[in-house]
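S.K.: Need coordinates for the below:
(one chain, ligands or ions: 1)
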Amino acid sequence: MVENTGGIEALLQEDRTFPPPEEFMRNANIKDPNVYEEARKDPEAFWARFASELDWFQPWDQVLDWQPPYAKWFVGGKLNASYNCVDRHVKNGRRNKAAIIWEGEPGDWKVYTYWDLQREVCRFANGLKSLGVQKGDRVTIYLPMVPELPISMLACARIGAAHSVIFGGFSADSIRDRIDDSQSKVMITADGGYRRGGIVPLKQNADESLEGETPVEKVVVVRRTGSADDKMVAGRDVWWHDLVEDQPPTCEPEPMDSEDMLYMLYTSGTTGKPKGIVHTTGGYMTGTYATSKWIFDLKEDDVYWCTADIGWVTGHSYIVYGPLANGATSVMYEGSPDYPDRDRFWAIVEKYGCTICYTAPTAIRTFMRWGEEYPNRHDMSTLRLLGSVGEPINPEAWVWYWQHIGGGRCPVVDTWWQTETGSILIAPLPGITTLKPGSATQPFPGIEAEILDESGNPVGPGGGGYLTIKRPWPSMLRGIYGDPERFVQQYWSRYPDTYFTSDGAKLDEEGYYWLLGRVDDVINVSAHRISTMEVESALVDNSKVAEAACIGRAHEIKGQAIVAFVTIKDQVPTSDGLITELKAHVATKIGPMARPDDIYFAAELPKTRSGKIMRRLLRDVAEGRALGDTTTLADPAVVESLKAQYGDEE
Ligand code: WT7
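M.R.: Now for the predicted structure:
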């Protein structure tokens, strides 16, 4: 498995290098390597230069107020994110430029110019106001990848309401938890969305999530599939098209304080309860604007496509806010890469003449398995830059991407960041950096990253440890919604005044960063972040399960796959049927992306004498390795018997 795709071992022996192509270097937005040194000397001035390229209603008095672990950026400044993403381009000569090119899975498509976008955002913003949404409220958005999704986000931003977008793959229970936590009064959903030729029943999930007590008073429904026309709830539900019909196409943008919340986005951590990561306005806009401009080298005539779903942070920062703040053309696709055939992505690249493509390693590995036949069907000569995000990219996938998608011409920017960081922190500058496949290369200028050992000493070249960020950066999270203690505990208690990323990393002799994956109980499945605790609580929620422990094991395509070890209550017979039932149970409780790949029945789970489950040993079993140190186990026989039972399965 790991060997086939070149895992961590291959990664650390990688020695191919790719300097920027001559022409790319000449034309790049940033080509002067001195920016690193300049930003290091005065990071605040560096970020303030980018911030001043945005439009402010009122200038800031102070760039940074840092009272660890609380940072405020551009203090006293006032701006509006939707104004910066839309209106200023309408005013500055881009009004008839395509802002969003959208393609639906069935093949329908639509182009929104910046002027169109302004009218649609304003009409919907007025619609939200008519439902009673006010500055400071939270609005839950549960939509497929349709244009109404970015329009809703920008409309919320326009009137000063924070959005909370929930990925369309989440189940009713997951939606309910997030709505309860955010206390949203309004929810925006659709009757359904298209995926692999079928319909995802979003309205049905949304309705279920609102059963019983709920803070949600009004639900706006986009009519996408025509699959819920008889399901509208009188007095609660309103069609999007009815709501906006008589609304005027103008709406004054609310002047927001730089530190006002722009949005919250839930992500998984080490406990079962998802965290509502809070992002504010001025710093977040500055970070996404700057990184889009320099890392994706956005130019006036680029057609930029990020294939992520807006339900995740990648879509927030690099489909919506970053590219639109730059006045770019952002492509958005609703469906699956293999519908109607495995060349769908490349058909989209050809049809719209995409110049930049940003996707995840898990997708690249899938394309690699499907073979070159599919990209070869299309003219992809418009592409000039490729990006990767979400998980470590193995060198083989990197080189395949560079060769077969990029035609050997396009630099590949491997971008490391997190929901919490808001924007990319470690990535190449494609006109400057010599690339090494598998390495995210260097921290962005103004970012001071450091790899520390257990006792907090920097590891130095050639060493490995925990990735930390020493200095605050503009788009950093400002907190976990409603849980200030967890914010401090999770990110700021490991090392003094230093942000703890929960990622392991190595520094090579030339100072390049090699990201090695999470060091906590978070599994990265197809670039989706899932906590082992969430899956475990979903499993023990089933009445037949006594105890469960989950781990991530290496997987050729997905990066990691979920393996659950389960002890069943006395009297319950184990069977293949029960495995199917438990997998389905997890999918219903959390969402299909959390469905375990394997479920192993265990008479007992290996625990330390203090009762802590030793996941490391379960990982050894699931990956078919010799067992590591077992001396701290309460009962070594437990893991030996698991190994005898499942150890050779690989
Ligand atoms: C975790 C964050 C950032 C947007 C998508 C995921 C892993 C992300 C890379 C990369 C190695 C990466 C890390 C990180 N990760 N990008 N280029 N190389 N690992 O956001 O869901 O918050 O997950 O994804 O482990 O901690 P997220």
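
S.K.: tally of neighbours for Ser336?
M.R.: Neighbour count for Ser336, taken as other Cβ atoms under 10 Å: 15. Any C-beta I mention is one placed from the backbone N, CA and C, and that applies to glycine too.

S.K.: if I look at it, how far off is the ligand?
M.R.: 19 Å (Cβ to the nearest ligand atom, to the nearest Å).

S.K.: what helix or strand is that residue on?
M.R.: Secondary structure assignment for Ser336, by DSSP states H and E: no helix or strand.

S.K.: ok, the spatially closest residue to it that is not a sequence neighbour - contacts?
M.R.: What sits nearest to Ser336 in space, not counting adjacent residues and going by Cβ to Cβ, 6 or more residues apart in numbering, is Arg196, at 4.5 Å. The neighbours of Arg196, taking Cβ atoms under 8 Å, 6 or more residues apart in numbering as the test, are 105, 335-336, 338-339.

S.K.: what's the answer for Gly353, then?
M.R.: 303, 382 are the contacts of Gly353 under Cβ under 8 Å, 6+ apart.

S.K.: Who are the packing partners of whichever helix in the chain runs longest?
M.R.: Counting by DSSP state H, the longest helix found in the chain is helix 114-130. The contact analysis (3 or more Cβ pairs under 8 Å, 6 or more residues apart in numbering; DSSP states H and E) places helix 114-130 against helix 88-91, strand 98-103, helix 148-159, helix 240-245.

S.K.: could you redo the last one with a cut-off of 6 Å?
M.R.: For helix 114-130, the packing partners by 3 or more Cβ pairs under 6 Å, 6 or more residues apart in numbering; DSSP states H and E come out as helix 88-91, helix 148-159, helix 240-245.

S.K.: Please save the CA atoms from that helix in CSV.
M.R.: Presented in CSV, the C-alpha positions along helix 114-130 are these (Å, rounded to 0.1, in the frame of the first residue of the first chain):
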residue,chain,number,x,y,z
TYR,A,114,-19.4,41.1,-11.3
TRP,A,115,-22.4,43.3,-12.1
ASP,A,116,-24.8,40.3,-12.1
LEU,A,117,-23.3,39.2,-8.8
GLN,A,118,-23.8,42.6,-7.2
ARG,A,119,-27.5,42.6,-8.1
GLU,A,120,-28.1,39.0,-7.0
VAL,A,121,-26.2,39.5,-3.7
CYS,A,122,-28.1,42.7,-3.0
ARG,A,123,-31.5,41.2,-3.8
PHE,A,124,-30.9,38.3,-1.5
ALA,A,125,-29.4,40.5,1.2
ASN,A,126,-32.7,42.5,1.1
GLY,A,127,-34.6,39.2,1.2
LEU,A,128,-32.7,38.2,4.3
LYS,A,129,-33.5,41.5,5.9
SER,A,130,-37.2,41.0,5.1
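
S.K.: what's in contact with it?
M.R.: With contact meaning Cβ atoms under 6 Å, 6 or more residues apart in numbering, helix 114-130 is reached by 82, 86, 89-90, 94-95, 97, 99, 151, 154-155, 158-159, 243-244, 247, 249-251.

S.K.: and this structure, which residues reach the ligand?
M.R.: 267, 313-314, 389-392, 414-419, 440, 501-503, 515, 517-518, 524, 529 (Cβ under 6 Å from any ligand atom).

S.K.: if you look at the residues you listed, which of them are in helices?
M.R.: Judged by DSSP H, those include 313-314 as members of helices.

S.K.: So how do I select the buried members of the contacts of Arg196 in ChimeraX?
M.R.: Here is the ChimeraX command that selects the buried residues among the contacts of Arg196 (16 or more other Cβ atoms under 10 Å):
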select :105,335,338,339
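
S.K.: and which of the contacts of Arg196 is nearest Ile562?
M.R.: Distance to Ile562 across those (Cβ to Cβ) is lowest for Ser336, with 20.9 Å.

S.K.: For the stretch 151-300 of the chain, which segments are assigned as strands?
M.R.: For the stretch 151-300 of the chain, applying DSSP state E, counting those that start in this stretch gives strands covering 162-165, 186-190, 193-195, 198-200, 218-222, 237-239, 256-257, 261-267, 275-280.

S.K.: where does the protein dip in pLDDT?
M.R.: Counting by pLDDT under 70, the ranges of the chain that qualify are 1-14, 648-650.

S.K.: For the closest residue to Leu262 other than its chain neighbours, which residues are in contact?
M.R.: Distance criterion Cβ to Cβ, 6+ apart; nearest residue to Leu262, sequence neighbours excluded, is Thr281 at 4.7 Å. By Cβ under 6 Å, 6+ apart, the contact set of Thr281 is 81, 256, 258, 260, 262.

S.K.: So the last one is in contact with His279, correct?
M.R.: It refers to Leu262. Yes: Leu262 lies in contact with His279 (Cβ atoms under 6 Å); the separation is 5.3 Å.

S.K.: Could you report the neighbour count for Ala290?
M.R.: With neighbours defined by other Cβ under 10 Å, the count for Ala290 comes to 27.

S.K.: That one and Leu54, how far apart?
M.R.: From Ala290 across to Leu54, the span is 10 Å (Cβ to Cβ, to the nearest Å).

S.K.: ok, now Met332?
M.R.: Taking Cβ to Cβ as the measure, Met332 falls 23 Å from Leu54.
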